[in-house]
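S.K.: only geometry, no sequence info:
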């Protein structure tokens, strides 16, 4: 392709990024459900004709790698030569794209002079996709129970939407009007992406854009190679465990063996638990995405990602034996990819001690309330909960932050929550004493309480890391695990599916704190005093964890 002017390169690079960001903006503004327009549980990206990532809007890092897998499958299923201007394909195969079936991908090809040059892609979490329980379930035993499976379905052909398919989808989901509204928001974002990409190609020409994107990919690969070359060659291992598969089996092992050789890394997941009966499995693409997050977070987190960033990464599974990270049909996948990103960071902590942090509160803290609505429908409130991150060598952990895989996802504001659902938010504050003690303290989780105002409600909760709490680094202490309390009847839950919640009950979601870093005995007195004054810790906790008593200089 030859060299490209560096200024023109940056113009094209940021034109691609701006395209993805504008797609994100349009999707959020036109979506119907708060899970999209408030939580931002979706992602938008642009890809070249070979399904290589060119740019992805700030959103969910867990889709790094998994979006491209969907594009490749659509190309394989349909054929590039059979795609036309104005086409949009739907895809949610959980084994090929890695994610659960609720994450529906739209793939829109971009053609210039009859030739395929790019794709505009969205992926959004559908609040319901017709599974056995509203919104999803953590006790499903096969993928058929999880909902409508869409693989390379041409919903829009040459600009004309297939009304028959829209009726079929609408008839198979709860909250039909809102779900179809979210789908139309994805289609609108796809059209925006296609227009912007066509404009970019028209302005600079196919040859110039190709030269720019080739240079972007080579720069991305060079970034990651430099990072890997800075690490001592060797084998780095770590493991953790997932409390349950949702059906009572557990704990289940998550094991990572990372081998660094020169400028490449080989990540072996074959030591992880076999494919589970319950829905915590994922396809290989989600495992790849989880590993990409870890490497990107440690290597060049401030630089926008493209496919080249991940070229030096190789993922290895257990041959023909499926594990929880390369599941096969008919394994359920609703709780896909748990803990993998953090366990890889834990493995590499010895290689990059100044960059890695201790364990975080959870990798989802998933929570959902549903109930009957007028007209025979059901209302569905679903959101991830924030919590405490692990401490690092130089700073305390962040408090009330979403886990790394969910990126910029947010909780639903009280005003929206109370307007849309028969719920009242009565408490939302930091959870005192939840951060793991250490020379640097783990971040705090939150206490978020919902009053249920209607009858017939049911609750789903996934509060992991009670068996293996958020781990510390060095002589630090683990953070507090997550838990849900319901009163009445004053029950405590961690993993539960569709449990009844009475009208008037108070549901308290208490998320975990991050692990501590280093010996708590070495924590500075002024930091302990500051934590007490801020209300982050109680005096009893200060004495128990740090040996500090108010009014005394003794530690």
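M.R.: Thanks, I have it. Everything numeric in this text was worked out from a predicted model, so none of it was measured.

S.K.: mind giving me the domain split of the chain?
M.R.: 6-212, 357-555 (automatic domain parsing).

S.K.: so where do the strands sit in the stretch 51-200 of the chain?
M.R.: With DSSP state E, counting those that start in this stretch, the ranges of strands along the stretch 51-200 of the chain come out as 53-56, 88-91, 103-112, 115-125, 153-157, 160-161.

S.K.: what packs against the third one?
M.R.: Which is strand 103-112. helix 66-78, strand 88-91, strand 115-125, helix 176-204 (3 or more CB pairs under 8 Å, 6 or more residues apart in numbering; DSSP states H and E). In this view, the C-beta of every residue, glycine as well, is placed from N, C-alpha and C.

S.K.: so residue 363 sits against residue 335, correct?
M.R.: No. With contact defined as CB atoms under 8 Å, residue 363 does not count as touching residue 335 (9.5 Å).

S.K.: for the domains of the chain, which one sits closest to residue 257?
M.R.: For residue 257, the closest of the domains of the chain is domain 357-555, at 17.7 Å, according to CB to CB.

S.K.: how far off centre is the closest one?
M.R.: 18 Å (CA atoms, centre = their mean, to the nearest Å).

S.K.: also stretch 25-45?
M.R.: With CA atoms, centre = their mean, you get 14 Å for stretch 25-45.

S.K.: low-confidence regions, the stretch 151-300 of the chain specifically.
M.R.: Within the stretch 151-300 of the chain, not a single segment meets pLDDT under 70.

S.K.: and the helices in it?
M.R.: 163-170, 176-204, 206-229, 284-299 (DSSP state H, counting those that start in this stretch).

S.K.: reformat those as TSV; add mean neighbour count.
M.R.: Output for the helices of the stretch 151-300 of the chain, formatted as TSV (neighbours: other CB atoms under 10 Å):
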stretch	mean neighbour count
helix 163-170	13
helix 176-204	19
helix 206-229	18
helix 284-299	25
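
S.K.: how about those in a markdown table, adding distance to residue 101?
M.R.: As requested, the helices of the stretch 151-300 of the chain are arranged in a markdown table below (distance: least, CB to CB, whole Å):
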| stretch | distance to residue 101 |
| --- | --- |
| helix 163-170 | 13 |
| helix 176-204 | 13 |
| helix 206-229 | 30 |
| helix 284-299 | 12 |
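
S.K.: for these, which one sits closest to residue 252?
M.R.: helix 284-299 (14.3 Å).

S.K.: next, the angle from the closest one to strand 103-112.
M.R.: Inter-element angle recorded for helix 284-299 and strand 103-112: 80 degrees (by axes from the mean of the first three to the mean of the last three CA atoms, to 10 degrees).

S.K.: what packs against helix 284-299?
M.R.: helix 66-78, helix 206-229, strand 313-316, helix 340-348.

S.K.: which of the domains of the chain sits closest to residue 243?
M.R.: Comparing the domains of the chain by CB to CB, domain 357-555 comes nearest, at 4.8 Å.

S.K.: would you mind checking the average pLDDT for that closest one?
M.R.: Regarding domain 357-555, the rounded mean pLDDT is 94.

S.K.: now stretch 122-130
M.R.: 96.

S.K.: make 44 the starting number, not 1.
M.R.: Yes, from this point I'll number from 44; that puts the last item at stretch 165-173.

S.K.: starting at the chain centroid, how far to that stretch?
M.R.: The answer for stretch 165-173 is 14 Å, by CA atoms, centre = their mean.

S.K.: these two touch, right, residue 505 and residue 425?
M.R.: No. Using CB under 8 Å, residue 505 is not in contact with residue 425, being 11.3 Å away.

S.K.: overlap in contacts of these two?
M.R.: 409, 410 (CB atoms under 8 Å, 6 or more residues apart in numbering).

S.K.: have a look at those two and say which one is more surrounded.
M.R.: residue 505 (28 against 23; other CB atoms under 10 Å).

S.K.: nearest residue to the more buried one other than its sequence neighbours?
M.R.: Closest residue in space to residue 505, ignoring its immediate chain neighbours: residue 409 at 4.0 Å, by CB to CB, 6 or more residues apart in numbering.
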